[in-house]
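Chemist: compute the structure for the input listed below.
(chains A, B and C)
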Amino acid sequence: MEEVRYTLVERAAGISDAVKQLCSQPVIGLDTETTGLDPHRSKLRLIQAAVPGQVFVFDCFKLSRDSLNPFLELLITPQPLKIAHNAKFDAKFLRKHCGINLNGIFDTYLSSLLISAGDENHRHGLEPVVNRYLGLQLNKAAQLSDWSGELSAYQLDYAAKDAALLLPLRERLNALLDEMDLLITAGIEFECVMPIAAMELAGVYLDAERWREMVARIRTVHERVSAELQKELAEGARQMDLFGASHSINLDSPAQVKDALSRLGIELEDTREWRLQKQAKEHPVLQKLLEHRGLSKSLSAYGEGMLEFINPATGRIHADFRQIGTPTGRITSSSPSLQQIPHTTEYRSCFRAPEGRKLVVADYSQIEMRILADFSNDQALLEAFDSGADLHRATASQMFGIPLNEVTSLQREHAKGLNYGLVYGMGAEGLAGRIDAGVKAAEMLIEKYFQAYAGVAKWLEDAADRAVQERQCRTASGRLWRFHLDPADPQQQAALRRVGKNAPIQGTASDIFKRAMTMLDQALPEHDSRIVNSIHDELVVECPESVSDQVKNIVVSLMVGAAKEFLQRVPVTVEAVVSDAWLKK
DNA sequence: TAGAATCGCCAC
DNA sequence: AAACGTGGCGATTCTA
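Modeler: Model (predicted):
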């Protein structure tokens, strides 16, 4: 790419001329350079704004916040459209350091993800994206340079070039989004950037003392169980070892554990949980091993390490949320993953509302089954939801042709197993394992289920057929997943059929969820409230104690409202509680 | 010896 | 040898 012309704006006097040229544009390329990655501990150095043939580079170290105001005004309105690559990053720094919410976003990173439609071979950094869609080679070497001192011409040129590239890149990506019918999904994603940026910036409060005590408690038990296991597993070894060498085995090594068990006469293919579970009754040592595994998991994944994520600047945990974390559109979280904290009181009670505040914990009730009911237009399943009865009880009642109040707890369990497993394309063996029944019995239950819900059966089979035929599927918003499996391979075809059943449903739940986050992000600030965690179909909102009931009502009504944008046939309910901690009371 | 691959398990 | 979809991640083991 040829050299870009840029204007360095270091004095307040230069702002008005820049703004004059920027405000007449329908779209501008936007980028920032910062002294680090954490908005709470790093500084915003440059803001670059590109128009065709010209880039304005604002030096935030030399300009006061007030003098930047006329420029920032352009960023908080939908027009001009701001193009950024991973706008979440820039949005966080602009919010933290300039106090503004970016509005009117076109994100080239999210666009690239949508266009790739689940192709794992595609990378989505600016460099590969520019290479893929513009055929240009980009040098990102300056990105990690020191942006806190006097800037070299090389650095400024790099900064300007990045912003300038966004204009042609957007042209190309927008055309592709249009061709692929992805504009509606893209709109949902772009509007969700700011809510997610705000959530990351807010972070979630963890009671460190309480967490430490819990970890210490677990460690004590872990040490005891370890010692007991070592002793039991050494039995077999001692008899065989003529040299009397110590045989302390690594309990975290599946291979060593398997060998040790073998010496005790317990032969296993592998030592996965379900396999241990199977024989735990006859071999108490396996029960103990399972207990040890659980404790080890607790200490490694959810131990002291969690405390290192507490940001010294805020005292809170600011996880990294990937907005399009999966091909179905689900958000994922890492560093730490706040989406896989064990669902037990001892863990979750450590995630709390700070003094004077409360958490509203809200989740969609059976959202995926409701989407299935809506898509399939199955009258019986729709009726089950319309009745307002407990879904699994209603399902059992319909399967066995008996009144609701005569459903036994076993019948309800079986219906529950079916309701949960179905949207994942579960087979008879899977159900048998889940509900602790024989395969024959499971087959009969599935037959009964599909007799009751014939419309569901038809929709699922059609969805699977379509996936095999078209090698792709879409959600309600039009989000696309293209498959790169080989349909000639029976195993891959079976997998494809399962994904074909599940992805439209899981992905539509994502569509709904992102709309809910967007609507809430607009409504919550006036109540001094904010989203602090997001877990697929559950939201955690932190709010002042004094308005917690009001906020709870807002959360419920907006979440329901978001679902109604996509679902017309089925009622949607959201369960919400006001709590001191991340608990559903 | 660093990075990749695998196992195993947490969430929805 | 897995079962039922989507992930993240820590520990061990493999590999260049």
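
Chemist: let me see the contact set for A:Asp178.
Modeler: Shown in contact with A:Asp178 (CB atoms under 8 Å, 6 or more residues apart in numbering): no residues. Glycine gets a C-beta too; all of them are placed from N, C-alpha and C.

Chemist: host element of it?
Modeler: Element membership of A:Asp178 [criterion: DSSP states H and E] is helix A:153-179.

Chemist: which parts of the very next helix or strand once past that helix are buried?
Modeler: Downstream of helix A:153-179, the next assigned helix or strand under DSSP H and E is helix A:183-202. Across helix A:183-202, burial judged by 16 or more other CB atoms under 10 Å covers A:185-186, A:188-202.

Chemist: and the helix holding A:Asp178, how far from the chain's centre?
Modeler: 27 Å (CA atoms, centre = their mean, to the nearest Å).

Chemist: mind listing what's buried along it?
Modeler: Buried residues in helix A:153-179 (16+ other CB under 10 Å): A:155-170, A:172-174, A:177.

Chemist: and stretch A:26-43, by the same measure?
Modeler: Quick answer for stretch A:26-43 (16+ other CB under 10 Å): A:27-34, A:39, A:42-43.

Chemist: for stretch A:304-318, same thing?
Modeler: Neighbour-count burial for stretch A:304-318 [16+ other CB under 10 Å]: A:306, A:309-310, A:316-318.

Chemist: would you mind measuring the gap between the ends of that stretch?
Modeler: 16 Å (CA to CA, to the nearest Å).

Chemist: please apply the same query to stretch A:343-358.
Modeler: Stretch A:343-358 has an end-to-end distance of 19 Å (CA to CA).

Chemist: what sits up against it?
Modeler: Contacts of stretch A:343-358 (CB under 8 Å, 6+ apart): A:204-207, A:210-211, A:214, A:302, A:341-342, A:359, A:533, A:540, A:542-545, A:548, A:578-583.

Chemist: what about that stretch and DNA strand C, any contact?
Modeler: No: against DNA strand C, stretch A:343-358 shows no contacts by CB under 7 Å from any atom of the strand, the least distance being 12.0 Å.

Chemist: buried residues of that stretch, list them for me.
Modeler: For stretch A:343-358, a neighbour-count test (16+ other CB under 10 Å) marks A:347-353, A:357-358 as buried.

Chemist: what mean pLDDT does that stretch have?
Modeler: Taken as a whole, stretch A:343-358 has a mean pLDDT of 93.

Chemist: in space, what's closest to the residue of the stretch 451-585 of chain A found nearest DNA strand C - neighbours in sequence excluded?
Modeler: At 3.7 Å from DNA strand C, A:Arg498 is the closest residue in the stretch 451-585 of chain A, using CB to the nearest atom of the strand. Closest residue in space to A:Arg498, ignoring its immediate chain neighbours: A:Gly425 at 3.3 Å, by CB to CB, 6 or more residues apart in numbering.

Chemist: do you know how far that neighbour is from DNA strand B?
Modeler: Per CB to the nearest atom of the strand, to the nearest Å, A:Gly425 is found 14 Å from DNA strand B.

Chemist: and what of A:Glu267?
Modeler: 14 Å.

Chemist: looks to me like A:Glu33 is in a strand.
Modeler: Yes: judged by DSSP: H, G, I helix; E, B strand; the rest coil, A:Glu33 forms part of a strand.

Chemist: thinking again about what came up before, which ones among the buried residues of stretch A:304-318 map onto strands?
Modeler: Using DSSP state E, no member of the buried residues of stretch A:304-318 falls in strands.

Chemist: all strands for chain A, in order.
Modeler: A:6-9, A:27-34, A:44-51, A:54-59, A:81-84, A:105-107, A:320-322, A:332-334, A:357-364, A:472-474, A:480-482, A:530-534, A:538-544, A:574-579.

Chemist: sorry, back to before: quick one: contacts for the residue nearest to A:Arg498?
Modeler: Contacts of A:Gly425 (CB under 8 Å, 6+ apart): A:460, A:464, A:497-499, A:501-502.

Chemist: could you identify the most distant pair in the residues you listed?
Modeler: A:Leu460 and A:Val499 (12.1 Å; CB to CB).

Chemist: quick one on the thing from earlier: how far away is the residue of the stretch 451-585 of chain A closest to DNA strand C from A:Gly455?
Modeler: 20 Å (CB to CB, to the nearest Å).

Chemist: ok, A:Arg515 next?
Modeler: On the measure of CB to CB, A:Arg515 and A:Gly455 end up 26 Å apart.

Chemist: tell me which of the two has more neighbours.
Modeler: Counted by other CB atoms under 10 Å, A:Arg515 and A:Gly455 do not tie: A:Arg515 has more neighbours, with 22 against 18.

Chemist: how many neighbours does the residue lying closest to the more buried one once chain neighbours are set aside have?
Modeler: Nearest non-adjacent residue to A:Arg515, counting by CB to CB, 6+ apart: A:Ala562, 4.0 Å away. Using other CB under 10 Å, A:Ala562 has 23 neighbouring residues.

Chemist: so A:Ala562 makes contact with A:Phe513?
Modeler: Yes: here A:Ala562 reaches A:Phe513: they are 7.5 Å apart, a contact under CB atoms under 8 Å.

Chemist: per-residue pLDDT of the residue in the stretch 51-200 of chain A that DNA strand B sits nearest to, please?
Modeler: Going by CB to the nearest atom of the strand, DNA strand B is nearest to A:Glu120 of the stretch 51-200 of chain A, at 11.8 Å. If you check A:Glu120, the pLDDT there is 83.

Chemist: next: A:Ser510.
Modeler: Reported pLDDT for A:Ser510: 95.

Chemist: is it true that it touches A:Gly325?
Modeler: No: between A:Ser510 and A:Gly325 there is no contact under CB under 8 Å: 9.4 Å.

Chemist: these two: which has the busier surroundings?
Modeler: For A:Ser510 and A:Gly325, the more surrounded residue by other CB under 10 Å is A:Ser510, and the numbers stand at 25 against 17.

Chemist: ok, now how distant is that one from DNA strand B?
Modeler: 11 Å.
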